[in-house]
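Colleague: give me the fold of what follows.
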Amino acid sequence: MSRRIGFFVYPGHQMLDLSGPLCVFEDANLLAGEELYQIHIFSAEGGVVRNSVGLGIDTLRIGRRKLDTLIVVGGKLPNEFDPFILRSLLAQSKLARRIASVCTGAFLLAQAGLLRGKRATTHWRYAHLLEKEFPQTKVNGDAIFVKDGNTWTSAGIAAGMDLALALIQEDHGISLSKAVAQDLVIYHRRPGGQTQFSALADMSPATERMQQIIGHIRENLSNSLSMEELAGVAHLSVRQFGRIFKAETGETPSKAVERIRAEVAHSLVEQTSEPVEMIAEQVGFSDPERMRRAFLRIYGHPPQAVRRNARMVMRASSEI
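Modeller: Just a heads-up that it's a prediction; the model follows:
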């Protein structure tokens, strides 16, 4: 059975909030060899709607259409959305099996009254504002995406693709969602409760030489990754390397290695059932106790607690 997916846009919407998840559904159709999803782009009035950089996109008037899933994309936040847009969205939401938002699209859902009493997320930069303006919404500003009943909300930009993969997994199972992620060369898939922040994003060196070092660390976690090894890759003396690396990343090389190892280990602890000891060895920690101490410093919880919490979140989501 083909499912109708409707993306709802408005003037000032963000292009990637639309194109990212749209491409995920499109790729699912391609890999399945059939039209699993009919994809439509709607607006309140129909016609050409311009996004945040002024590019126009043709849309259909949303009216009252029977949709499987309605996804509201994010974009520029006006003080208040046009009441006609809110009425159109509210009317359509009653006809959809599930509704979702990407990034600041959560504000549109909230203004339409669709997040009252629900758990939700948005881009971390706007989470406090969502919580302040809509106190009856339980905002988790650190989650990649949140499911509460038939309502899904996601964090910013790329998190919309995580959301789309999760929807595909709910509809057609993990095999297809994993195949789509592999085809699009994206993670399959970050758990909804995973933090929006990343060590790799925080450490953004200015020069290509130091960027290559970060890549070398990420791709060679099982190596010792000593100062001598990294300095050799950078073709610098150990002293020069340590000084330049910290100036560009804000971290010493040893702390950067630990953070990146911990981040990869955190994902494996959440998403797999591999023994903690095996994960510690896989990411280059010399022993599980060293990884445990790193988790406590960085995340405030040991690996076993992180795994337990991830399982509780997944179980709670499946029971909603």
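
Colleague: chain center to stretch 293-300, what's the gap?
Modeller: Here stretch 293-300 is found 22 Å from its chain centre; the criterion is Cα atoms, centre = their mean, to the nearest Å.

Colleague: for it, which positions count as buried?
Modeller: Within stretch 293-300, the residues that count as buried by 16 or more other Cβ atoms under 10 Å are A294, F295, Y299. In this view, the C-beta of every residue, glycine as well, is placed from N, C-alpha and C.

Colleague: so for it, mean pLDDT?
Modeller: For stretch 293-300, mean pLDDT rounds to 86.

Colleague: just stretch 29-37 next, same as before
Modeller: 97.

Colleague: now do the end-to-end distance for it.
Modeller: Start to finish, the residues bounding stretch 29-37 are 7 Å apart (Cα to Cα, to the nearest Å).

Colleague: so after the helix or strand of the chain with the lowest mean pLDDT, what's the next helix or strand?
Modeller: When the helices and strands of the chain are scored by mean pLDDT, DSSP states H and E, helix 199-202 comes last with a mean of 60. Scanning forward in sequence from helix 199-202 by DSSP states H and E, the next helix or strand is helix 208-219.

Colleague: send me that next one as PDB with only the CA atoms.
Modeller: This file holds the C-alpha atoms of helix 208-219, laid out as PDB (Å, rounded to 0.1, in the frame of the first residue of the first chain):
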ATOM      1  CA  GLU A 208      43.300  21.700   6.200                       C
ATOM      2  CA  ARG A 209      46.300  20.200   8.000                       C
ATOM      3  CA  MET A 210      44.500  20.000  11.400                       C
ATOM      4  CA  GLN A 211      41.200  18.900   9.700                       C
ATOM      5  CA  GLN A 212      43.200  16.000   8.300                       C
ATOM      6  CA  ILE A 213      44.400  15.200  11.800                       C
ATOM      7  CA  ILE A 214      40.800  15.000  13.100                       C
ATOM      8  CA  GLY A 215      39.900  12.700  10.200                       C
ATOM      9  CA  HIS A 216      43.000  10.600  11.000                       C
ATOM     10  CA  ILE A 217      41.900  10.200  14.600                       C
ATOM     11  CA  ARG A 218      38.300   9.200  13.600                       C
ATOM     12  CA  GLU A 219      39.500   6.700  11.100                       C
END
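
Colleague: what is the rounded mean pLDDT of it?
Modeller: Mean per-residue pLDDT for helix 208-219: 87.

Colleague: ok, now stretch 142-150?
Modeller: Mean predicted lDDT for stretch 142-150 stands at 86.

Colleague: likewise for stretch 308-320?
Modeller: Here the average pLDDT along stretch 308-320 is 61.

Colleague: for stretch 169-186, buried residues please.
Modeller: Quick answer for stretch 169-186 (16+ other Cβ under 10 Å): Q169, D171, H172, L176, S177, A179, V180, A181, L184, I186.

Colleague: what's in contact with that stretch?
Modeller: If you take Cβ atoms under 8 Å, 6 or more residues apart in numbering as the criterion, stretch 169-186 is touched by 3, 23-24, 27-28, 30-32, 36, 158, 161, 165-166, 168, 187-189.

Colleague: of those, buried ones?
Modeller: Using 16+ other Cβ under 10 Å, the buried ones in these are 3, 23-24, 27-28, 36, 158, 161, 165-166, 168, 188-189.

Colleague: the residues you listed in strands, which ones?
Modeller: Taking DSSP state E, the ones among the buried ones among the contacts of stretch 169-186 that sit in strands are R3.

Colleague: in helices, which of the buried ones among the contacts of stretch 169-186 fall?
Modeller: When DSSP state H defines the helices, the subset of the buried ones among the contacts of stretch 169-186 inside them is C23, V24, D27, A28, M161, L165, A166, I168.

Colleague: can you put the residues you listed in JSON lines and add distance to T153?
Modeller: Shown next, in JSON lines, are these (distance: Cβ to Cβ, whole Å):
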{"residue": "C23", "distance to T153": "20"}
{"residue": "V24", "distance to T153": "16"}
{"residue": "D27", "distance to T153": "22"}
{"residue": "A28", "distance to T153": "21"}
{"residue": "M161", "distance to T153": "14"}
{"residue": "L165", "distance to T153": "15"}
{"residue": "A166", "distance to T153": "12"}
{"residue": "I168", "distance to T153": "17"}
